[in-house]
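>>> When you get a sec, could you give me coordinates for this:
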Amino acid sequence: MTGPVLIFDLETVPDLEGARRLHDFDGLSDAEVADALFALRRIKTGSDFLAHALHRVVSIGVLYQGGDQLKLSAFGRDTEDEAELLHQFFDVIEKRTPTLVSWNGGGFDLPVLHYRALLQRVQAPRYWEQGSDDPAFRYNNYLNRFHWRHIDLMDVLAGYQMRASAGLDTIASLLGFPGKLGMDGSKVWPAWRDGDRERIHDYVEHDVLNTYLVYLRFERMRGGLNPESHARREAQLRTYLADSGQPHLEAFAAAWQSGSP
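Just a heads-up that it's a prediction; the model follows:
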């Protein structure tokens with residue numbers, strides 16, 4: 001485990017403006033537009049899960065690990081401007097070139113970021129680099145599924161077989177980590193609609209923390225961390241959570257302590 005690492009996760013809501021652009025929804029309230037969008041999707045696919053391009057990003061949870069530095073954030077606490085959230089995320093890549101780590105990032109988070117950055121005119125040259133300007137990216141870049149600048153843990157652990165994939169909550173809970181704490185992705189739109197923004201940002205940070213803990217275990221399994229360095233990383237995180245003074249992080253730490261095998 002060398003170099004900086006950026007664990008990330010998105011929370012999204014329906015793109016109401018985009019839906020109005022695509023469909024004849026004039027005169028409908030935001031809630032009615034969302035309901036109509038979900039209904040159209042159910043007719044087409046049998047599921048409420050919207051097409052990737054119609055997910056508006058409202059929170060990006062990130063945990064940056066660089067040497068002894070550890071920082072957890074939810075881009076979105078200070079602004080609801082989607083373009084600004086995207087700028088903040090891609091700016092970390094531009095300045096730090098971290099290894100990206102996600103759970104199903106290749107299947108959901110990154111495609112959503114691509115569409116939304118395209119819509120919001122956000123530049124991200126470092127992220128899109130494939131070796132034309134930096135030869136180091138020719139055989140190891142963020143875009144290739146089988147490269148290591150982006151580690152989609154769900155994809156890698158399933159051996160790149162979708163029928164073998166599992167949810168983050170399942171794997172985190174199996175390993176003794178907190179998993180979901182009272183909220184899941186289906187509750188994000190109702191929380192946003194009802195103005196409960198902080199709950200969404202707390203939730204995305206919980207998912208990032210679960211992903212980080214699974215990642216540390218993965219690094220130990222593949223030899224990137226030995227048992228001692230793995231224990232040090234976990235201890236560092238426990239101290240970070242204890243010193244945070246934030247109730248949702250203290251709740252995560254308490255759940256972790258009670259669930260650890």
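>>> ranges for the strands of the protein?
5-14, 55-66, 69-75, 99-102, 150-152 (DSSP state E).
>>> Name every strand pairing with the third one and say which way it goes.
When you say that, I think you mean strand 69-75. Sheet pairing here is set by DSSP bridges, and for strand 69-75 it gives strand 55-66 (antiparallel).
>>> which stretch among the strands of the chain comes nearest Pro111?
Between Pro111 and the strands of the chain, the shortest separation by CB to CB is 9.2 Å, and it involves strand 55-66. No exception for glycine: its C-beta is placed from N, CA and C like everyone else's.
>>> Return the distance of the closest one from the chain's centre.
5 Å (CA atoms, centre = their mean, to the nearest Å).
>>> Now do it, average pLDDT.
Strand 55-66 shows a mean pLDDT of 98 in the predicted model.
>>> now the angle from that strand to strand 5-14?
Strand 55-66 and strand 5-14 are oriented at 170 degrees to each other (axes from the mean of the first three to the mean of the last three CA atoms, to 10 degrees).
>>> how about strand 55-66 as PDB, C-alpha atoms only?
Coordinates of each C-alpha in strand 55-66 appear next as PDB, following Å, rounded to 0.1, in the frame of the first residue of the first chain:
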ATOM      1  CA  HIS A  55     -28.700  11.100 -11.400                       C
ATOM      2  CA  ARG A  56     -27.800  14.500 -10.000                       C
ATOM      3  CA  VAL A  57     -24.900  14.400  -7.600                       C
ATOM      4  CA  VAL A  58     -25.700  16.000  -4.200                       C
ATOM      5  CA  SER A  59     -22.900  14.500  -2.000                       C
ATOM      6  CA  ILE A  60     -19.500  13.000  -2.700                       C
ATOM      7  CA  GLY A  61     -18.000  11.300   0.300                       C
ATOM      8  CA  VAL A  62     -14.200  11.100   0.300                       C
ATOM      9  CA  LEU A  63     -11.600   9.700   2.700                       C
ATOM     10  CA  TYR A  64      -8.000  10.800   1.800                       C
ATOM     11  CA  GLN A  65      -5.200   8.700   3.100                       C
ATOM     12  CA  GLY A  66      -1.700  10.100   2.400                       C
END
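>>> sorry, back to before: want to try TSV for the strands of the chain, with distance to Ile171 as columns?
Shown next, in TSV, are those (distance: least, CB to CB, whole Å):
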stretch	distance to Ile171
strand 5-14	14
strand 55-66	17
strand 69-75	20
strand 99-102	13
strand 150-152	13
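>>> Next, format those as a markdown table and append distance to Trp256 and mean neighbour count.
Conversion of the strands of the chain to a markdown table gives the following (distance: least, CB to CB, whole Å; neighbours: other CB atoms under 10 Å):
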| stretch | distance to Trp256 | mean neighbour count |
| --- | --- | --- |
| strand 5-14 | 16 | 24 |
| strand 55-66 | 14 | 22 |
| strand 69-75 | 14 | 17 |
| strand 99-102 | 18 | 24 |
| strand 150-152 | 22 | 22 |
